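[1] Structural data only, the sequence is not supplied:
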């Protein structure tokens, strides 16, 4: 079985993330969305909330499952028999960083990294930017899945 992982913080998931996940799901038998657990960083959404939203927005993809991880991604890949990491590239600066990471991961474990160009519609998009715009009342409905948009509005109202 060919397995790939789509790692990230997904705080929150954007349409760019979903695009890469959907495209990866066409190339592999199983795709794991691995949500990064970073105990040093407080996210807008908890790990559990992010995982729940990702499960809901990818429910139409039968070969996709959601999990979380902490530590080295290559260790997670070894433990789960995953041969490839897929990442989206928005810009040249993404490429510079991701190329180094891909080479390090391959050196450490033999795990390959597939760097996929993002859909140009989402080339400017990041979770951080979505949160910032939404915090100041900007409309981000067209940048994130509908479910994520609703949860984002609720969370920001709670923090109000």
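    Nice, thanks for sending it over. The structure presented is a predicted model; accordingly, all values stated were derived computationally and were not measured. Residues are numbered from 1 along each chain as shown.
[2] The lowest-mean-pLDDT helix or strand in the chain: what's the following helix or strand?
    Here the helix or strand of the chain ranked lowest by mean pLDDT, DSSP states H and E is helix 92-109, holding a mean of 93. Per DSSP states H and E, helix 92-109 leads on to strand 112-117 as the next helix or strand towards the C-terminus.
[3] Could you list the residues in contact with that next one?
    By Cβ atoms under 8 Å, 6 or more residues apart in numbering, the surrounding residues in contact with strand 112-117 are 4, 20, 23-24, 27, 83-89, 95, 98-99, 101-102, 105-106. Where C-beta positions appear, they are placed from N, C-alpha and C, glycine not excepted.
[4] got it, and stretch 72-85?
    So stretch 72-85 is contacted by 2-7, 28, 32, 34, 69, 102, 105, 108-109, 111-114 (Cβ under 8 Å, 6+ apart).
[5] Give me the distance between the two termini of it.
    12 Å (Cα to Cα, to the nearest Å).
[6] again with stretch 29-49
    This stretch, stretch 29-49, spans 26 Å end to end (Cα to Cα).
[7] If you average the pLDDT over that stretch, what comes out?
    Average pLDDT, stretch 29-49: 92.
[8] From the contacts of stretch 72-85, keep the buried residues only.
    The neighbour count (16 or more other Cβ atoms under 10 Å) marks 3-7, 28, 32, 34, 69, 102, 105, 109, 111, 113 as buried among those.
[9] I'd like those residues as CSV, with distance to residue 56 appended.
    Written out in CSV, the entries for the buried ones among the contacts of stretch 72-85 read as follows (distance: Cβ to Cβ, whole Å):
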residue, distance to residue 56
3, 22
4, 21
5, 20
6, 16
7, 19
28, 21
32, 16
34, 17
69, 20
102, 30
105, 29
109, 31
111, 28
113, 27
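[10] of those residues, closest to residue 47?
    Residue 47 lies nearest to residue 69 out of the buried ones among the contacts of stretch 72-85, by Cβ to Cβ, at 10.0 Å.
[11] what number of residues lie near the nearest residue to the closest one once chain neighbours are set aside?
    Excluding its sequence neighbours, the residue lying closest to residue 69 (Cβ to Cβ, 6 or more residues apart in numbering) is residue 76, at 4.3 Å. Neighbour count for residue 76, taken as other Cβ atoms under 10 Å: 20.
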